[in-house]
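Participant: prediction below, plus the sequence it came from.
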Amino acid sequence: MFLESKDLLGLKDLSAEEIMYILDTAKTMKHILTSKNKKAPHLQGKTIVTLFHENSTRTRLSFELASKYLSANTANIAASSSSIAKGETLIDTGRTIDSMGCDVIVMRHPMSGAPHLLARHVKASVINAGDGMNEHPTQALLDMFTIMEKKGTLKGLKVAIIGDIYHSRVARSNIWGMTKLGAEVLVAGPATLLPPGMENMGVKVYNTIQEALIDADVVMGLRIQRERQKSGLFPTLREYSKFFGLDDKRLKFAKDDALVLHPGPVNRGVEFSSGVVDGDQSLINEQVTNGVAVRMALLYLLTRRNSIENIN
Ligand code: CP
């Protein structure tokens with residue numbers, strides 16, 4: 001089996017079979033990642049470039065480590081210290097990277113659709129590492145991988161996604177991916193942070209956290225994105241935390257063995273209390289580990305696909 005596209009731009013475009021293929025490959029990659037000698041030859045001779053127009057700790061570092069663990073050449077471009085700051089266009093930047101023999105460009109951008117534009121103008125595979133409010137597909141893949149490690153399947157699981165759904169590319173990618181794999185997805189947040197028409201994505205929508213949490217198998221919090229907030233979407237962080245923050249008491253509405261996930265970075269005391277972040281049900285650190293395995297899998301599958309296509 002091969003991935004249909006040369007690029008990984010969103011989970012909206014992937015089939016359930018392709019998602020499972022990536023997650024199954026990530027299982028193998030996790031064995032490499034957790035072995036004593038974290039080095040395998042899968043990406044020998046390949047070059048991976050990260051091009052980030054927004055800040056990142058987890059996504060950028062995990063792509064870089066994933067590349068290195070699989071023996072690739074790696075380079076990073078931060079938009080602020082590159083010729084982008086001199087006014088070079090996205091397409092010209094992409095073509096410049098492409099001309100240096102790059103195999104995969106991993107891109108984060110504040111504009112929805114920017115990786116899609118780049119992908120149309122370069123030979124390299126483009127991986128979307130988060131575009132505006134649209135998608136963050138590798139985050140959702142690592143979230144699904146983490147849930148499946150614990151529960152074996154997503155089919156029939158009740159997944160509550162809580163918080164700033166409106167601005168969340170993580171929520172959108174998880175909704176596309178999890179519904180394809182058979183989960184029941186519920187979303188809850190302040191009315192101003194719930195975009196209209198969410199039901200059309202196959203989810204149930206609630207205005208209180210308690211309603212969404214009842215009997216949930218998985219609870220996923222979302223970061224309040226202060227950088228994307230227009231004024232007035234909710235009164236104050238304290239008000240938000242009072243009505244939508246997850247603490248130990250509220251978590252009891254969910255099943256006793258409910259898994260707690262958050263993409264990070266967490267605003268402690270806003271989305272989650274420290275008790276929840278550091279509690280027994282929290283998988284936040286395991287999500288970070290699994291993020292490396294999932295990104296190793298993707299880099300391998302995309303470069304392998306392109307190598308075989310070139311032979312043919
Ligand atoms: N979850 C996530 O995308 O984190 P970073 O912004 O640190 O990459």
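Facilitator: Arrived safely, thanks for sending.
Participant: ok, and what's touching stretch 239-258?
Facilitator: For stretch 239-258, contacts defined as CB atoms under 8 Å, 6 or more residues apart in numbering pick out 160, 162-163, 188-190, 208-210, 213-219, 221, 224, 234, 260, 269-273, 275-276, 279, 281. To be clear about C-beta, it is placed using only N, CA and C from the backbone, and glycine gets the same treatment.
Participant: distance between it and the chain's centre?
Facilitator: In terms of CA atoms, centre = their mean, to the nearest Å, the centre of stretch 239-258 is found 23 Å from the chain centre.
Participant: what subset of the contacts of stretch 239-258 is buried?
Facilitator: 160, 162-163, 188-190, 209, 213, 216-219, 221, 224, 234, 260, 270-273, 276, 281 (16 or more other CB atoms under 10 Å).
Participant: which strands and helices sit next to the longest helix seen in the chain?
Facilitator: Taking DSSP state H as the criterion, the chain has its longest helix at helix 284-311. For helix 284-311, the elements it packs on are helix 16-33, helix 58-69, strand 104-109, strand 125-131, helix 137-151, strand 259-261, judged by 3 or more CB pairs under 8 Å, 6 or more residues apart in numbering; DSSP states H and E.
Participant: and if we set it to 10 Å?
Facilitator: Applying 3 or more CB pairs under 10 Å, 6 or more residues apart in numbering; DSSP states H and E, one finds that helix 284-311 contacts helix 16-33, strand 47-52, helix 58-69, strand 104-109, strand 125-131, helix 137-151, strand 259-261, helix 274-277.
Participant: the buried ones among the contacts of stretch 239-258 in helices, which ones?
Facilitator: Taking DSSP H as the definition of helices, these contribute 209, 213, 276.
Participant: for those residues, which one is nearest the ligand?
Facilitator: Ranked by distance to the ligand (CB to the nearest ligand atom), those are led by V276 at 17.2 Å.
Participant: excluding its backbone neighbours, what's nearest that closest one?
Facilitator: Spatial nearest neighbour of V276, chain neighbours left out: L246 (5.3 Å); criterion: CB to CB, 6 or more residues apart in numbering.
Participant: what's the neighbour count on the one you found?
Facilitator: By the criterion of other CB atoms under 10 Å, L246 has 26 neighbours.
Participant: pipe the ones in helices among the buried ones among the contacts of stretch 239-258 into a markdown table and attach pLDDT per row.
Facilitator: Converted to a markdown table, those look like this (pLDDT from 0 to 100):
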| residue | pLDDT |
| --- | --- |
| I209 | 96 |
| L213 | 98 |
| V276 | 98 |
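Participant: would CSV of these with distance to L142 be doable?
Facilitator: CSV is the format used below for those (distance: CB to CB, whole Å):
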residue, distance to L142
I209, 24
L213, 23
V276, 20
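Participant: nearest to A85 among the residues you listed?
Facilitator: A85 lies nearest to V276 out of these, by CB to CB, at 39.5 Å.
Participant: so how far is M29 from the closest one?
Facilitator: For V276, the distance to M29 equals 29 Å [CB to CB, to the nearest Å].
Participant: ok, T153 next?
Facilitator: For T153, the distance to M29 equals 20 Å [CB to CB].
Participant: the two: which is more packed in?
Facilitator: Looking at T153 and M29 with other CB under 10 Å, you find the greater number of neighbours at M29, namely 24 against 11.
Participant: surely the more buried one meets L299?
Facilitator: Yes - assessed by CB atoms under 10 Å, M29 is found in contact with L299 at 9.3 Å.
Participant: what is the burial count for E199?
Facilitator: 10.
Participant: that one is in contact with V185, isn't it?
Facilitator: No - applying CB under 10 Å, one finds E199 not in contact with V185, separated by 11.1 Å.
Participant: quote the end-to-end distance of stretch 181-196.
Facilitator: By CA to CA, to the nearest Å, the extent of stretch 181-196 from end to end equals 24 Å.
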